[in-house]
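1. Predicted model and sequence below, questions to follow.
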Amino acid sequence: MRRFWMAGGIGIGLCLSFLVLIVVGTYSAAAGLAGAGAAGGRALGLAKGAVPAKYQNLVQKWGTLCPAMTPALLAAQLYSESGWNPSAVSPADARGIAQFIPGTWAGHGIDGDGDGDRDIWDPNDAIPSAASYDCELAKDVAGVPGDATSNMLAAYNAGAYAVIKYGGVPPYQETQGYVKAITTLAKSFERPVGRVAPSQQAAGAIYFAQKQLGTPYLWGGNGTPDQDGRFDCSGLTKAAYESVGIELPRVANDQYNAGPHPSRGELLPGDLVFFSDDLTNSRAIHHVGLYVGGGYMINAPYTGAVIRFDKIDTPDYFGATRVTKDGAAALPDRSADAKSP
């Protein structure tokens with residue numbers, strides 16, 4: 001709250017040695033790249049499609065309003081607040097895409113599009129107002145030691161006075177959690193400036209998924225006994241990473257934000273691969289699979305099919321996410337609204 005489908009499957013008859021090579025290859029790739037990491041500093045560019053196209057220019061422009069802000073950070077806040085829903089209303093009456101409470105809006109809302117009014121429901125006003133409000137807070141705590149971005153986010157959550165009083169991020173569990181969540185989530189909106197660090201849990205997730213090969217698909221399936229161990233696409237990927245201690249959201253378009261986004265040429269086994277009806281909008285993602293190398297994924301494709309291998313290079317291929325534990329933990333809980341896939 002702003003305080004204020006697929007081509008036909010390859011089947012399951014691939015030889016065991018191929019599966020062994022996949023798992024061993026995952027560990028080998030992780031070992032070989034573990035020291036590489038992401039080069040350079042924080043990115044100002046946005047990952048392809050991470051921000052819906054109709055808001056991308058706004059976020060890119062206003063996300064550079066002050067030095068403590070980046071477009072990815074602004075995107076992370078908006079996604080966390082409303083999931084890009086301009087009609088969202090919280091139980092506390094926070095409104096719109098940026099979730100301003102009316103009293104806060106009265107003092108801090110701006111006419112972002114210059115049309116003569118300040119409309120809390122209009123993203124053309126609300127997104128610039130969110131950036132402007134953050135930068136006001138950054139200015140209020142500019143003299144406080146420590147990281148300017150963390151202090152700005154802490155002021156947003158706990159108030160500027162608390163940041164000044166404690167000389168940095170206050171020792172409040174909620175505030176420290178908020179700062180960590182937004183700064184971590186921002187990484188999923190950044191266009192990488194170097195190689196994305198490999199996942200250390202990838203092999204275990206693949207091992208889980210390959211054990212499900214041949215299992216019939218079930219819309220809404222989570223693999224529970226009453227569902228005869230059946231899955232849909234995002235249920236399978238969620239369960240695969242849950243088996244290695246990472247809790248993903250239930251739906252595919254939220255799973256996309258669980259980590260940074262390697263390019264097609266940088267994919268590693270264990271990456272989640274996504275498919276969308278709109279290649280400019282991650283919210284339109286309709287399918288997810290688990291990449292296993294060689295241009296193939298394990299996935300639960302559709303009703304009437306079984307969990308199987310499929311090629312990823314299709315016209316609706318959207319992109320990939322390298323899941324991280326911190327990235328998954330930073331995602332807002334939308335379980336009450338979750339629907340398959």
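-> That came in fine, so what should we check first? Numbers count the residues shown, from 1 in each chain.

2. Run through the residues that contact residue 283.
-> Residue 283 is in contact with 52, 83-84, 253, counting by Cβ atoms under 8 Å, 6 or more residues apart in numbering. The C-beta positions use only the backbone N, C-alpha and C, and glycine is treated the same way.

3. Could you list the low-pLDDT ranges of this protein?
-> For the chain, applying pLDDT under 70 flags the ranges 1-43, 334-341.

4. Domain-wise, how is it divided?
-> What automatic domain parsing lists as the domains of the chain is 16-37+197-337, 53-186.

5. quick one, which of those is nearest to residue 45?
-> Closest approach to residue 45 among the domains of the chain (Cβ to Cβ): domain 53-186, 7.5 Å.

6. and that closest one, how far apart are its ends?
-> Separation of the first and last residues of domain 53-186 by Cα to Cα, to the nearest Å is 17 Å.

7. Nearest residue to residue 80 in space, please, no chain neighbours.
-> residue 332 (5.0 Å; Cβ to Cβ, 6 or more residues apart in numbering).

8. Tally up the residues packed near the one you found, please.
-> 15 (other Cβ atoms under 10 Å).

9. shouldn't it be in contact with residue 84?
-> No - with contact defined as Cβ atoms under 8 Å, residue 332 does not reach residue 84; the gap is 11.7 Å.

10. can you pull the buried residues of the longest strand belonging to the chain?
-> Determined from DSSP state E, the single longest strand within the chain is strand 285-293. Under the neighbour-count criterion of 16 or more other Cβ atoms under 10 Å, strand 285-293 has 285-293 buried.

11. Can you show me the helices along this structure?
-> 16-33, 53-62, 71-82, 102-108, 123-140, 148-158, 160-166, 173-186, 202-210, 233-242, 252-255, 325-329 (DSSP state H).

12. Between these, which one is closest to residue 219.
-> The closest of these to residue 219 is helix 233-242. By Cβ to Cβ, the value is 9.3 Å.

13. other SSEs contacting the closest one?
-> In terms of contact count using 3 or more Cβ pairs under 8 Å, 6 or more residues apart in numbering; DSSP states H and E, helix 233-242 is assigned the packing partners helix 202-210, helix 252-255, strand 285-293, strand 296-299.

14. what's the distance between the residue nearest the centre of the chain and residue 190?
-> The residue lying closest to the centre of the chain (Cα atoms, centre = their mean) is residue 257, at 1.1 Å. Distance from residue 257 to residue 190, counting by Cβ to Cβ, to the nearest Å: 11 Å.

15. Could you do residue 125 as well?
-> Computed as Cβ to Cβ, the residue 125 to residue 190 distance reads 25 Å.

16. Those two: which is more packed in?
-> Using other Cβ under 10 Å as the criterion, residue 125 and residue 190 rank with residue 125 on top: 26 against 23.

17. which residues touch the more buried one?
-> 109-113, 117-119 are the contacts of residue 125 under Cβ under 8 Å, 6+ apart.

18. 7 Å instead?
-> Residue 125 sits next to 109-113, 118-119 when contact means Cβ atoms under 7 Å, 6 or more residues apart in numbering.

19. and the nearest residue to it once chain neighbours are set aside, how many residues sit next to it?
-> Beyond its immediate neighbours in the sequence, the residue positioned closest to residue 125 (Cβ to Cβ, 6+ apart) is residue 112, lying 4.5 Å away. Residue 112 has 22 neighbouring residues, counting by other Cβ under 10 Å.

20. Wait, residue 112 touches residue 129, no?
-> Yes - if you go by Cβ atoms under 7 Å, residue 112 and residue 129 touch, sitting 6.4 Å apart.

21. that older thread, just send the contacts of residue 283 back as CSV, with neighbour count too.
-> Supplementary listing: the contacts of residue 283 in CSV, determined by neighbours: other Cβ atoms under 10 Å:
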residue, neighbour count
52, 18
83, 16
84, 18
253, 20
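
22. Residue 261 and residue 196: what is the separation?
-> To residue 196, residue 261 is 7 Å away according to Cβ to Cβ.

23. I should have written residue 160 there, sorry.
-> For residue 160 relative to residue 196 (Cβ to Cβ), the value is 35 Å.

24. Looking at those two, which has the bigger crowd around it?
-> Neighbour count, other Cβ under 10 Å: between residue 160 and residue 196, residue 196 has more, with 24 against 19.

25. residues contacting residue 204?
-> By Cβ under 7 Å, 6+ apart, the contact list for residue 204 reads 243-244.

26. and what of residue 144?
-> Per Cβ under 7 Å, 6+ apart, neighbours of residue 144: 151, 163-164, 167-168.

27. could you dump those to a markdown table with distance to residue 217?
-> Converted to a markdown table, those look like this (distance: Cβ to Cβ, whole Å):
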| residue | distance to residue 217 |
| --- | --- |
| 151 | 48 |
| 163 | 50 |
| 164 | 55 |
| 167 | 55 |
| 168 | 50 |
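
28. Now the buried members of the residues you listed.
-> Judged by 16+ other Cβ under 10 Å, buried ones among the contacts of residue 144: 151, 163-164, 168.

29. ok, those vs residue 271, which is closest?
-> The nearest member of those to residue 271, counting by Cβ to Cβ, is residue 151 at 33.9 Å.
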